[in-house]
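K.L.:
Quick one, fold the following:
(2 chains)
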Amino acid sequence: MKKASDLLQGTLDLLILRTLELRPMHGVGVADRIEQVTDGVFVVGPGSLFPALHRLAENGWIEGQWGQLENGRRAKFYALTAAGRAQLTKEKRHWLKVNTAVSQVLADEA
Amino acid sequence: MIWSSRIVSLFRRLKDRPSLEQELDEEIQSYYEILIERAMARGLSREAAQREARVRFEGAEQVKQRVREARVGAPIDTTLQDIRYAWRSLKKSPGFTVFAVMTIALGLGANAAIFSMVDGVLIKATGYPEPERIVQLWEKPPQYQRNSISGANYIDWSREAKSFDAMAAETGGAMSYTGNGEPRALKTGFVSAPYFDVFGVQAALGRTFARGEDQPASQKVVVLTHRIWMNSFGGDAGIVGRSILLDGQPYTVIGVLPGASEFDRRWNEIWVPLVFGPNPARDYHYLSAVGRLKPGVSLEQARAEMSAIAGHIAELYPAIEKGWSATVDRYIDRVVGSQTRLSLKVLMWAVVAILMIACANLGNLLMARGTLRGREIALRMALGARRGRVVRMLLTESLLLAGSGAAVGLAIGFGLLKWIQSLLPPFYFPPEANIAMDGRVLLFLAAVTILTAIAFGLAPAVQASRRDAAQSLKEGGRSNSAARGKAYARHVFVAAQVAAAFILLAGAGLLLRSFQRLMEVNVGFETEGVVGAGLPLQTEKSPDPAKLTLYVDQLLDAVRATPGVQAAAVASALPLTGWGDGMPFYMADNREKELGTGFKIVTSGYFPALRLRLVAGRVLDQRDTESSPPVVVVNESFVRAYLPGQSALGKRILVEKIAPSRHGLGPMTNWEIVGVVADEKGNGLDQTEDVGAYASFAQDPVVGLGLVARVLGNSGTMIKSIERAVWRVDKNQVLDEPMTMDRIKAASVTDRRLPAVLLGGFALLALLLACTGIYGVLSFVTAGRTQELGVRVALGASRADLVRLVVGGGSIPVLVGVAIGLGGAMGLTRFIRSMLFATSPMDAMNLTAVAALLLAVALAACLVPAWRAARVDPMSALRQE
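P.N.:
Alright, predicted model coming up:
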């Protein structure tokens, strides 16, 4: 298993943006969702998650908004902005390019 | 897009940090709670859920810190943190902080003051528009480069030269301003009308001269400087158009020049058009000239044209002008004399050396502190502080020290600059020099401050961060003899300080010795009891010789009749202020070879007034009248130069008389030498040869005079009595700047006194700093060796052994420093050779004295720590273990 801190920063950003593409979520939701979707390959702890969320917010890609859970607990929900959507498209394309290239290298070796 | 968003976040962050922090707290708290709730939803008890959440959470503070670090502008935060930390740590040791800040403040203050002068005099551009187009013009005699210009030649130049937009001649003088209280002399610039066009300066009020306003027929007009307008005319804006009495004639004020400009720093107080008479002389050279080149005309083109014009004049008037040409200089290149330039450079190097000594001092102190703080730093590093972070933290501390030092230094520098300026005689620096502590100086100071902080802070910081944490913790913060490398670095600093102080002391010693020798020079007459003053006459323009002689006789009779006056005379130059005129002459028996001599015209009372020593023959006296044969008295230098081994008496020389107006020459005259007197050092105390001759005022009456008198009693009251006597003859007669001969003598050597005094002061400061440096290092080393010394005492070492040990250890770097300083001084002092008088740069006495002084002071600095070491009590020292 990979530790979250070893994740490339860009990868974590991509994962968060992609997760928020579906709907606005609070921090725990984002972490859980990533863990679920990757079958536990990526476990994102708060030590990595919070700095990433704040960095993305400062860049204007996501926006935090205080809201309430079903049980009445206050939590900060993050939503993708228009700029964030554009950034996600860009990062997806970049990731695919890198991924394809790396796969080709590996295929070549095999 | 990203950037604008980030900048908004940055501002928000800086604006409301507390609310942002609070929000982060809440967010994390909420996250933590959600984790707990989810775990409890899975059926865990509250305690178990909390435990699991905490494990997953990795520490709330760490998470917050990482968010802070990820934010925009995190470095600002870190810096603020560092500054807060540095502030706390400096506050904890106020003694060290005050000492360090004062050390830096002295170094930076001296730098700020001297740099203000260097910048104002040598670096800053002049305020003139396109200053590179301004040139200065000279006549070029066959033997040398630059000579004053005669009226006729200037007129030809200005008429024929095509290279210039404007050309102007200038000569200085004084005009008597009357009709407003006591008569007084105003320093006057007589200039051609285009003069202000050459410099591109416009009047602040009214106008400057119009072209053609310097013609004989034009109205009499005057331009005031801002200075005299404020001081003597109350800054009255209605002055323009009003008429004032100058030399008894009404002049219309047409303008006032701008304040705080070059023209306010000039000698002249008023400006009047220079009007030539009908036939200006070609053979009497008294003018200077400036010009503004036409756009696109190069200096070389102007030189070529001026040489051609001067060459043509030389062909037309071979009797006067044979071999003469013209010299053209760029004005700004001639503004600062080489001596002033050198003095300023020497002072600048001196203050840089002081700053370096201060840096070495602080570097040493910080290293010592670093050792004491070793445990703290080791602990930080053990807890995960990276080395860069520790270096940064310690450098922040240095910067804070340097910054505080700079703030105090600015005040010191300002005071020092004001003090130096109060010592400077008026007009010491050229008017173009604009000396002020302005933004440029502040910028310089800021840059130097940062460099200083790095210079003294970097080595200790790197050293502190390089320590092995485990080793430090084990040592228990006790420094022991293991720190060999560090001791070495400290000794290098001490040696460097001593060497720099040595060089400064040696330089200062040479200048002070020179100055002392200069003041001991025998001026050839008794200065005590002699007073002198300028005597501008209202008839200067077109003096009538008979009236002039009569008037001077009346004045002198009145002055001599004043009780307390023993002798009185007029002379064409006051003692110690030059010869008045330098004349070409021939020995009567050799008309081929042109020679030169100072030529002073005096009344007979001059010799008794000065008590100028008679060597042979007689001095000038009542026998020498208008109708008696022309005679001169020469001085010993004259005899040495032109009549070596001969008796001068009875020899004859051929010199042209000087015209009464002193703007032309009279007939060639055959003068008999009737006496020889001692040299009066007319050209200054530092001149060894001072060739001169005295002619009688009765035989060659001229204007441009000074009055000298030998008085008994208080010279101040005597000056007042003499003034009253003069005013009884003519209530409008000015006595310009009356002063004692001792003051004239002191004023004539100010340009040597100033660098000597300043360098002396700086050298003392360097000595003091080096001394505290030695003391500091030795104290620290000794304190660190307390246990070792205790062991030595326990094993039988005597007190004397301990003192020897400490002093011996301390004296090695001092001796090395003295050796390096000696070599450096021998290498460097030759650069100030031209500032020395009758003193060799290698003066052995000086070097020995400096070495002895330094060693004595260094020994004294060693003694306190040594004494402390000798008192070490073995029991208590060992108990510290």
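K.L.:
Can you report how many residues neighbour the nearest residue to B:R611 once chain neighbours are set aside?
P.N.:
Among residues not flanking B:R611 along the chain, B:E526 sits closest, at 4.6 Å (C-beta to C-beta, 6 or more residues apart in numbering or on different chains). The way it works is simple: take the backbone N, C-alpha and C, and place the C-beta from them, glycine included. For B:E526, the count of nearby residues is 14 (other C-beta atoms under 10 Å in any protein chain shown).
K.L.:
From chain A, how far off is B:E526?
P.N.:
87 Å (C-beta to the nearest C-beta, to the nearest Å).
K.L.:
ditto for B:S325
P.N.:
According to C-beta to the nearest C-beta, B:S325 stands 76 Å off from chain A.
K.L.:
phi, psi of that residue?
P.N.:
Per-residue torsions, B:S325: phi -140, psi -160 (degrees, to the nearest 10).
K.L.:
which residues does it bridge with?
P.N.:
B:S325 has these beta-bridge partners by DSSP bridges: B:K140.
K.L.:
can you map out the helices along the stretch 551-700 of chain B?
P.N.:
Counting by DSSP state H, counting those that start in this stretch, the stretch 551-700 of chain B has helices at residues B:606-610, B:636-642.
K.L.:
Just give the nearest non-adjacent residue to B:P629, would you?
P.N.:
Spatial nearest neighbour of B:P629, chain neighbours left out: B:E672 (6.4 Å); criterion: C-beta to C-beta, 6+ apart.
K.L.:
So what pairs up with that neighbour in the strands?
P.N.:
Applying DSSP bridges to B:E672 gives these bridge partners: B:V631, B:R652.
K.L.:
Sticking with the residue of chain B found nearest chain A, tell me its helix or strand.
P.N.:
Residue nearest to chain A within chain B: B:S5 (3.1 Å; C-beta to the nearest C-beta). Using DSSP states H and E, the element containing B:S5 is helix B:2-15.
K.L.:
which outside residues touch that helix?
P.N.:
Where contact means C-beta atoms under 8 Å, 6 or more residues apart in numbering or on different chains, the residues beyond helix B:2-15 that reach it are A:A57, A:E58, A:N59, A:G60, A:A83, B:L20, B:R71, B:V72, B:G73, B:I76.
K.L.:
Just give me the residue right at the centre of chain A.
P.N.:
Against the mean C-alpha coordinate of chain A, by C-alpha atoms, centre = their mean, the closest residue is A:I16 at 1.4 Å.
K.L.:
what secondary structure does it sit in?
P.N.:
helix (DSSP: H, G, I helix; E, B strand; the rest coil).
K.L.:
pretty sure it contacts A:H54?
P.N.:
No. Contact between A:I16 and A:H54 fails when scored by C-beta atoms under 8 Å: they sit 11.3 Å apart.
K.L.:
Can you name the residue of chain A nearest chain B?
P.N.:
A:G60 (3.1 Å).
K.L.:
Which residue is the nearest non-sequential neighbour of that residue?
P.N.:
B:S5 (3.1 Å).
K.L.:
The one you found: neighbour count?
P.N.:
For B:S5, using other C-beta under 10 Å, the count is 17.
K.L.:
and the longest strand seen in chain B, average pLDDT?
P.N.:
Criterion DSSP state E: the longest strand present in chain B is strand B:164-178. The average pLDDT within strand B:164-178 is 91.
K.L.:
Relative to it, what are the paired strands and their orientations?
P.N.:
When DSSP bridges is applied, strand B:164-178 pairs with strand B:184-191 (antiparallel), strand B:243-246 (antiparallel), strand B:285-293 (antiparallel).
K.L.:
B:D197: which element?
P.N.:
Assigned by DSSP H and E, B:D197 falls within helix B:195-199.
K.L.:
right, and the helix or strand after that helix?
P.N.:
strand B:205-206.
K.L.:
Give me the contact list for that next one.
P.N.:
Contacts for strand B:205-206 (C-beta under 8 Å, 6+ apart): B:V223, B:W229, B:A237, B:I239, B:V240, B:G241, B:V253, B:I254, B:G255, B:V256.
K.L.:
The helix or strand just after it packs against which elements?
P.N.:
Per DSSP H and E, the first helix or strand lying C-terminal to strand B:205-206 is strand B:221-224. Strand B:221-224 sits against strand B:249-256, strand B:270-273, with contacts defined as 3 or more C-beta pairs under 8 Å, 6 or more residues apart in numbering or on different chains; DSSP states H and E.
K.L.:
okay, now B:T786: neighbour count?
P.N.:
B:T786 has 18 nearby residues by other C-beta under 10 Å.
K.L.:
my read: it touches B:R871, true?
P.N.:
No. Proximity of B:T786 to B:R871 does not meet the contact threshold set by C-beta under 8 Å, at 10.5 Å.
K.L.:
so what's in contact with the two at the same time?
P.N.:
Contact with both B:T786 and B:R871 is made by no residue, according to C-beta under 8 Å, 6+ apart.
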